[in-house]
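1. here is the input, now give the coordinates:
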Amino acid sequence: MSGDKAGATESGRADVADARYPIPAEPPEYRTRPRKVSGRKRTPIWDAVAALYVVIALVFVGWLATEMAVHAKPGDSLWVLNLVAFWATSAYLAVPRIHQILTLLYVPDYFIGRTRTGDGVLGDPVNLAVDGTADDIHAGMQAAGWVLADEVTVRSSWGIVVSSLFKRPYPSAPVSNLYLFGRKQAFAYQKEVDGNASRRHHVRFWPTPEGWHLPGGQRVDFLAAGTYDRSVGFSLFTGQITHKVDADTDAERDFIIDTLRYADPKIDVAVIDKFSAAYHSRNGGGDAINTDGDLPVLDVRGASERGPAPQMPRPDKSVARHHIPPLPLLFTGALALWGFIFAGIQVAVDPQVTASKLVMPAVEFALWLLTAARQRWAWVGLMTISSITAFSHLLLLDFSKLADVILTGVSVFVVLAVSATAVREWVRGGNRRVPVSN
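-> Here you go, the predicted model:
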């Protein structure tokens, strides 16, 4: 009987193949198909200008890091401070910008079963699919003892640092943002181990786009990526301080499923065998990961009706994000305003300082205001003036003067900030397609 069924399946596949690829009646000819054109409007000249200043900012950061490395030798003045500054500049400014540039060129911008980091590097594997609503997922996860993770803010980030250093519990500690379908996770859950935020189970969830299907044609409501944080350490790819992930991502995937089904036996699970090839790789932090390639599909439909009402994510009552300039632009504006005020104070209290000293700070602040108003030409002007300022500071940098070093570092950071992807998309006036943080 099974042989007959298998034979019928093979026959059906052959019929489909013959319908799509009939035997040619005459010698085949090569015919190219029209290229599919995206409906998204592009302005190549602005993209080229933006790319130019992204590279300029990277050159300046590399220049500054090199100067710091040269003066970080034992015996030199402030060598320890320069060594720390070199690490911070390289790990948090230079290397992420290099990743941003390179990954835009070679990392696929379509679903391959992997998430992406803010710098564009391939992140954790997508190892779980879910059928059900967000309410059902919240109900199932909370019934299984998982805690809804806080959003990433300055306060929550500081909280997880304190928790990791002093081994204090932080059950709702935030998780870093990973991206799928061009969006960060909708929400995430975690379980601390022994009340220490440096070791925890965690899983991120993304709703699938409307009408989107998995490779092979199956439709699911959510995709998820679960991994186990085993410790805190340095990223192999950037040198940043981050959580280190256990290599066996399948163990975390299975743990998530078991906790959900233990708490609610009515949750079903099906498995798409060999959804991807089994592989060994590394995630965005450089940690080794491996998986058997199977994709379990959890059916949590009805979970919100079977248990108590779950705690839902707090709604964002702040002004809509597209009404607020991105953080790098706000930082630049604060510096521009301070420069204008400081120049005004100098003109007012020092008779030898003429009013002409106010011209450049006034121009910079005016350009910033127009950039905040989404004027592209003003944004290019602001990047140009910032680049000239940073270049002049780097040329005249005197490492024997701490104030000079700080001023040079700030000027370089301004170039990095105004050329950031978030600022570019702000002046473009649209939503970012692939989020990148700088």
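
2. for A270, helix, strand, or coil?
-> Under DSSP: H, G, I helix; E, B strand; the rest coil, A270 falls in the strand class.

3. number of residues surrounding it?
-> Using other C-beta atoms under 10 Å, A270 is surrounded by 12 other residues. All C-beta spots, glycine's among them, are computed from the backbone N, C-alpha and C.

4. use 80 as the first number for this chain going forward.
-> Let's use 80 as the start, then, which means that last one is A349.

5. check whether the closest residue in space to F260 that isn't next to it in sequence sits in a helix, strand or coil.
-> Spatial nearest neighbour of F260, chain neighbours left out: P288 (5.7 Å); criterion: C-beta to C-beta, 6 or more residues apart in numbering. Classification of P288 using three-state DSSP returns coil.

6. P288: how many residues sit nearby?
-> Applying other C-beta under 10 Å, we find 11 residues neighbouring P288.

7. how close does it get to L131?
-> Using C-beta to C-beta, to the nearest Å, P288 is found at 33 Å from L131.

8. and for G199?
-> For G199 relative to L131 (C-beta to C-beta), the value is 19 Å.

9. start and end of stretch 367-381, how far apart?
-> Criterion C-alpha to C-alpha, to the nearest Å; first-to-last residue distance in stretch 367-381 is 37 Å.

10. for the lengthiest helix in the chain, packing partners?
-> Ranked by number of residues, the top helix in the chain under DSSP state H is helix 123-149. Judged by 3 or more C-beta pairs under 8 Å, 6 or more residues apart in numbering; DSSP states H and E, helix 123-149 is in contact with helix 158-168, helix 174-185, helix 455-474, helix 481-497.

11. in CSV, list the ones you listed along with mean pLDDT and distance to D373.
-> Converted to CSV, the helices and strands packed on helix 123-149 look like this (pLDDT from 0 to 100; distance: least, C-beta to C-beta, whole Å):
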stretch, mean pLDDT, distance to D373
helix 158-168, 82, 40
helix 174-185, 80, 27
helix 455-474, 92, 47
helix 481-497, 87, 42
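
12. of all the ones you listed, which one comes closest to S242?
-> Closest approach to S242 among these (C-beta to C-beta): helix 158-168, 21.8 Å.

13. follow-up on the earlier one: which of G199 and L131 has more residues huddled nearby?
-> Higher neighbour count among G199 and L131: G199, with 25 against 14, using other C-beta under 10 Å.

14. which residue is the nearest non-sequential neighbour of that one?
-> By the measure of C-beta to C-beta, 6+ apart, the closest residue to G199 outside its immediate chain neighbours is T182, 3.2 Å from it.

15. for that neighbour, what are its contacts?
-> 195, 198-200 (C-beta atoms under 8 Å, 6 or more residues apart in numbering).

16. quick check: it vs Q454, distance?
-> Taken as C-beta to C-beta, the span from T182 to Q454 is 29 Å.

17. could you do P288 as well?
-> Taking C-beta to C-beta as the measure, P288 falls 32 Å from Q454.

18. low-confidence ranges, the stretch 80-229 of the chain, go.
-> 80-96, 112, 114-123 (pLDDT under 70).

19. re the thing from before, farthest-apart pair in the contacts of T182, please.
-> R195 and D198 (8.4 Å).

20. need the overlap of contacts for those two.
-> Shared contacts of R195 and D198 (C-beta under 8 Å, 6+ apart): 182, 363.

21. got the helices and strands packed on helix 123-149 as a markdown table, with distance to P294 columns?
-> Shown next, in a markdown table, are the helices and strands packed on helix 123-149 (distance: least, C-beta to C-beta, whole Å):
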| stretch | distance to P294 |
| --- | --- |
| helix 158-168 | 41 |
| helix 174-185 | 21 |
| helix 455-474 | 39 |
| helix 481-497 | 38 |
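
22. mind checking the SS state of T338?
-> Under three-state DSSP, T338 comes out as helix.

23. returning to that earlier point: what residues of the longest helix of the chain count as buried?
-> Neighbour-count burial for helix 123-149 flags 125, 128-129, 132-133, 135-144, 146-148 (criterion: 16 or more other C-beta atoms under 10 Å).

24. now stretch 266-283
-> Within stretch 266-283, the residues scored as buried using 16+ other C-beta under 10 Å are 266-271, 275-283.

25. how far does it stretch from start to finish?
-> 6 Å.

26. off-centre distance for it?
-> Here stretch 266-283 is found 19 Å from its chain centre; the criterion is C-alpha atoms, centre = their mean, to the nearest Å.

27. hmm, who's touching that stretch?
-> Contacts with stretch 266-283, where a contact means C-beta under 8 Å, 6+ apart, come from 194, 203, 207, 213, 217, 220, 224-228, 239, 242-243, 246-252, 254, 257, 264, 284, 303-311, 322, 331, 334-335, 338, 392.

28. hang on, the earlier thing: so how far is the longest helix of the chain off the chain centroid?
-> 20 Å.

29. quick one: it to helix 455-474, angle?
-> Angle, helix 123-149 to helix 455-474, by axes from the mean of the first three to the mean of the last three C-alpha atoms, to 10 degrees: 20 degrees.

30. where along this protein do the helices fall?
-> Counting by DSSP H, the chain has helices at residues 81-99, 123-149, 158-168, 174-185, 213-222, 233-245, 328-342, 382-385, 406-428, 438-451, 455-474, 481-497, 500-507.

31. deepest of those, which one?
-> Mean neighbours per residue, mean count of other C-beta atoms under 10 Å, is largest over the helices of the chain for helix 213-222, with a mean of 23.

32. how much space between K480 and L486?
-> Going from K480 to L486 by C-beta to C-beta gives 9 Å.

33. what's the answer for P248, then?
-> As judged by C-beta to C-beta, P248 and L486 stand 42 Å apart.

34. ditto for A151
-> 19 Å.

35. nearest residue to the middle of this protein?
-> Most central in the chain under C-alpha atoms, centre = their mean is G197, positioned 1.9 Å from the mean C-alpha point.

36. how much space between that one and Y258?
-> G197 sits 7 Å away from Y258, going by C-beta to C-beta.

37. G423 now?
-> G423 is 43 Å from Y258, by C-beta to C-beta.

38. follow-up on the earlier one: let's see which of the contacts of T182 end up in strands.
-> R195 (DSSP state E).

39. and which of the contacts of T182 is nearest V350?
-> Within the contacts of T182, the smallest distance to V350 is 25.2 Å, found for R195 (C-beta to C-beta).
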